[in-house]
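J.: Return atomic coordinates for the entry below.
(2 chains)
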Amino acid sequence: DTAVSQTPKYLVTQMGNDKSIKCEQNLGHDTMYWYKQDSKKFLKIMFSYNNKELIINETVPNRFSPKSPDKAHLNLHINSLELGDSAVYFCASSLPHTDTQYFGPGTRLTVL
Amino acid sequence: KNEVEQSPQNLTAQEGEFITINCSYSVGISALHWLQQHPGGGIVSLFMLSSGKKKHGRLIATINIQEKHSSLHITASHPRDSAVYICAVTGNNNDMRFGAGTRLTVKP
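T.: Predicted structure coming up:
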């Protein structure tokens, strides 16, 4: 059983398009996260959601918006894609104040 | 200068060796995380620390809050431990900062 799943695994698109990446967790966790890993393998947290409230929002362009239809899902919407958005995006979830964040397999986004 | 510095950047060891990866940070934190990224890209959270020491199997993580330093130790290293190990800190306002990672290769 997959704990944290992301779709799609690969996404290739043109500049200017709008795309979404879906994330689902079946662990009953309260908190979900989106991370971006750039070409140099640097990880950066983008968002976290706890009980449908955004509790972290780094200096992320407002073209990126997380949407949580329910506690098990945190989807990432990206408008007007730019070349610099090419990266691997990881979703994760956790219980509050615990050791472990469970990561999804990642979505490799390539913007042409 | 990155607010989270890891050393070494790359580390090669023989199977069975004791491994230490270091992390220093320059900001106030509420927690420090050690993550493992496998060659296939998958990420696993190993530890979250706010003080002292934690142990899971052959992995040990320590943190010294006064010195703003943490270490990840691997005892009796094995080729399957080969991965990138990433240190991350949660700041006092819940933001997170990541180190650049340490690429560990354990040879049989």
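J.: Quick one: residues contacting the nearest residue to B:Gly52 once chain neighbours are set aside.
T.: Nearest non-adjacent residue to B:Gly52, counting by C-beta to C-beta, 6 or more residues apart in numbering or on different chains: B:Ile63, 6.9 Å away. Where you see a C-beta, it was placed from the backbone N, CA and C, and this is true even at glycine. By C-beta atoms under 8 Å, 6 or more residues apart in numbering or on different chains, the contact set of B:Ile63 is B:32, B:49-53, B:69-70.
J.: Mark which of these are buried, thanks.
T.: The neighbour-count criterion (16 or more other C-beta atoms under 10 Å in any protein chain shown) marks B:32, B:49, B:70 among those as buried.
J.: unless I'm mixing things up, the second one is touching B:Tyr25, no?
T.: No. Between B:Leu49 and B:Tyr25 there is no contact, the gap being 11.8 Å when judged by C-beta atoms under 8 Å.
J.: hey, what's in contact with both of those two?
T.: By C-beta under 8 Å, 6+ apart, the residues touching both B:Leu49 and B:Tyr25 are B:32, B:70.
J.: picking up where we left off before, adding pLDDT, write the contacts of B:Ile63 out as a markdown table.
T.: Shown next, in a markdown table, are the contacts of B:Ile63 (pLDDT from 0 to 100):
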| residue | pLDDT |
| --- | --- |
| B:Leu32 | 93 |
| B:Leu49 | 90 |
| B:Ser50 | 90 |
| B:Ser51 | 91 |
| B:Gly52 | 93 |
| B:Lys53 | 95 |
| B:His69 | 97 |
| B:Ser70 | 98 |
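J.: Between all of the residues you listed, which two are at the greatest distance?
T.: In these, the most distant members under the criterion C-beta to C-beta are B:Ser50 and B:His69, with 14.0 Å between them.
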